[in-house]
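Undergrad: Let's see this in three dimensions:
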Amino acid sequence: MIRRVRYTLLHTYVFTKMLMPHWPWLIGLPLSMAFIVFLNKTAGIAIPYIDWVWMDIIGEGGLALFMVTWMLIVLATREPGFITNWMAFGFLCLCASSFQDMLDEIYVLPDAVSWDKWIESAPVGLVSLVIGLILWYREQRQLKKYLNKRSGVLQNDLALHEDSFLPQWSALAKAVQDVPAHQPTLVVLRVAPEVRSQLPLSLQDQSKLRFLIAEMLLWNSPDSSQVFQLTGEGYALLSAVPVSQEQINDVVLLLRSMRFRGKGHKQATLLGVKSRTLIFENSLSDSELRSKVQEIQSDLAMTCDGIQNSQSIVNVHVV
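TA: A predicted model of the protein is given here:
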């Protein structure tokens, strides 16, 4: 229970901190609602409490509350800018529209008053939100081109590794079951820093290194492959179509050529990279797949894969 409370408080703090750059909207939201209440209170007559229609009040007030929630989520997940402003203004106007609908159940306004009709119809809010969504769509197309393989990973899997932001074992097991039955290829990699006489990498440096390794794998692995992180030093490439050994060797050699300088280290750290390739001729259960991968990971920790150049011939396991 205490752990859950701490978790909730921590994420509430993080969410609030992410909202801080948008302070003008955070101030404008309650001021707008207070101004609408002031207008209704000064121009209208309060309806007796007994005559309130609670179903309408709860429905319209709940819709206004949801608009506020959506607005805060958008603000917390975006940087300040004109696209964010269009979307926030749209949600603010739609919230004001629902809020005014709710106040109609509490105050009666004279027929001469027309401003409440404009607030309720919400044309400005709808147009602003549509403009913001169109601009957001164009922005997402540009981001997708830039992120390439990252976009699919980040959008379709929430259980990502905390350092590399790669999908983990559960996603790999599902992907193996979903691939077509024409001999998918699985490449298991062990990538570990060779500290030798140097000081071990700090936890912060290890986290940064895993992220850099993930980026290297995503950008340089074959286009048909998916990248997964199995353990702290274990990675996997899964391709639904056969992958040439030369392509695999190129990825291994590229990782071996990486240099990483940890904080306080005088010399750059080299990477020890080993790999094994599996070709699936038969379908495997989750337990069989896990057992086979764990066996290969243990083997990689003790033996060499024999890759010296891109033309090296190595053993391929068929299962």
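Undergrad: what's the pLDDT at Lys17?
TA: Per-residue confidence for Lys17 comes out at a pLDDT of 90.
Undergrad: And the contacts of the helix or strand where it lies?
TA: Element membership of Lys17 [criterion: DSSP states H and E] is helix 2-19. With contact meaning CB atoms under 8 Å, 6 or more residues apart in numbering, helix 2-19 is reached by Leu26, Leu72, Leu75, Ala76, Thr77. (C-beta placed from N, C-alpha, C; glycine too.)
Undergrad: show me the contacts for the second one.
TA: In this case it means Leu72. Leu19.
Undergrad: give me the element Ser97 is part of.
TA: helix 82-103.
Undergrad: List the buried residues for that helix?
TA: For helix 82-103, burial by neighbour count (16 or more other CB atoms under 10 Å) applies to 83-103.
Undergrad: and Thr16, how many neighbours?
TA: Look at Thr16: counted by other CB atoms under 10 Å, it has 12 neighbours.
Undergrad: do the one 5 residues further on as well
TA: Other residues near Pro21 number 15, with proximity taken as other CB under 10 Å.
Undergrad: Would you mind giving the secondary structure of the closest residue in space to it that isn't next to it in sequence?
TA: Nearest residue to Pro21, sequence neighbours excluded (CB to CB, 6 or more residues apart in numbering): Pro80, at 5.3 Å. Of the three states, Pro80 takes coil under DSSP: H, G, I helix; E, B strand; the rest coil.
Undergrad: tally of neighbours for Pro80?
TA: 14.
Undergrad: do Tyr49 as well
TA: 7.
Undergrad: who's in contact with it?
TA: If you count contacts by CB under 8 Å, 6+ apart, Tyr49 has none.
Undergrad: Please export the C-alpha coordinates of the helix holding Lys17 as PDB.
TA: Written as PDB, here are the backbone C-alpha positions of helix 2-19 (Å, rounded to 0.1, in the frame of the first residue of the first chain):
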ATOM      1  CA  ILE A   2       2.800   2.400   0.900                       C
ATOM      2  CA  ARG A   3       4.600   1.500  -2.200                       C
ATOM      3  CA  ARG A   4       1.600   2.300  -4.300                       C
ATOM      4  CA  VAL A   5       1.100   5.600  -2.600                       C
ATOM      5  CA  ARG A   6       4.700   6.600  -3.200                       C
ATOM      6  CA  TYR A   7       4.400   5.500  -6.900                       C
ATOM      7  CA  THR A   8       1.300   7.600  -7.300                       C
ATOM      8  CA  LEU A   9       2.900  10.600  -5.600                       C
ATOM      9  CA  LEU A  10       6.000  10.400  -7.700                       C
ATOM     10  CA  HIS A  11       4.200  10.200 -11.000                       C
ATOM     11  CA  THR A  12       1.800  13.000  -9.900                       C
ATOM     12  CA  TYR A  13       4.900  15.100  -9.200                       C
ATOM     13  CA  VAL A  14       6.400  14.200 -12.600                       C
ATOM     14  CA  PHE A  15       3.200  15.000 -14.400                       C
ATOM     15  CA  THR A  16       2.900  18.400 -12.600                       C
ATOM     16  CA  LYS A  17       6.500  19.200 -13.400                       C
ATOM     17  CA  MET A  18       5.800  18.500 -17.100                       C
ATOM     18  CA  LEU A  19       2.900  21.000 -17.000                       C
END
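Undergrad: Distance from the chain centre to that helix, please.
TA: Centroid separation for helix 2-19 versus its chain: 18 Å, with CA atoms, centre = their mean, to the nearest Å.
Undergrad: Need the residues that contact the following helix or strand past that helix.
TA: Per DSSP H and E, helix 2-19 leads on to helix 23-43 as the next helix or strand towards the C-terminus. For helix 23-43, the surrounding residues in contact (CB under 8 Å, 6+ apart) are 19, 68, 71, 75, 88, 92, 95-96, 99-100, 103, 106-107, 109-110, 113, 115-116, 119.
Undergrad: Quickly note the distance from the residue nearest to Pro21 to Val14.
TA: Distance of Pro80 to Val14, given as CB to CB, to the nearest Å: 18 Å.
Undergrad: just Val252 next, same as before
TA: 38 Å.
Undergrad: List the buried residues of stretch 62-70.
TA: Of the residues in stretch 62-70, those buried (16+ other CB under 10 Å) are Leu63, Ala64, Met67, Val68, Trp70.
Undergrad: Hmm, I typed the wrong one, I wanted stretch 100-120.
TA: Gln100, Asp101, Met102, Leu103, Asp104, Glu105, Ile106, Tyr107, Leu109, Asp116, Ile119, Glu120.
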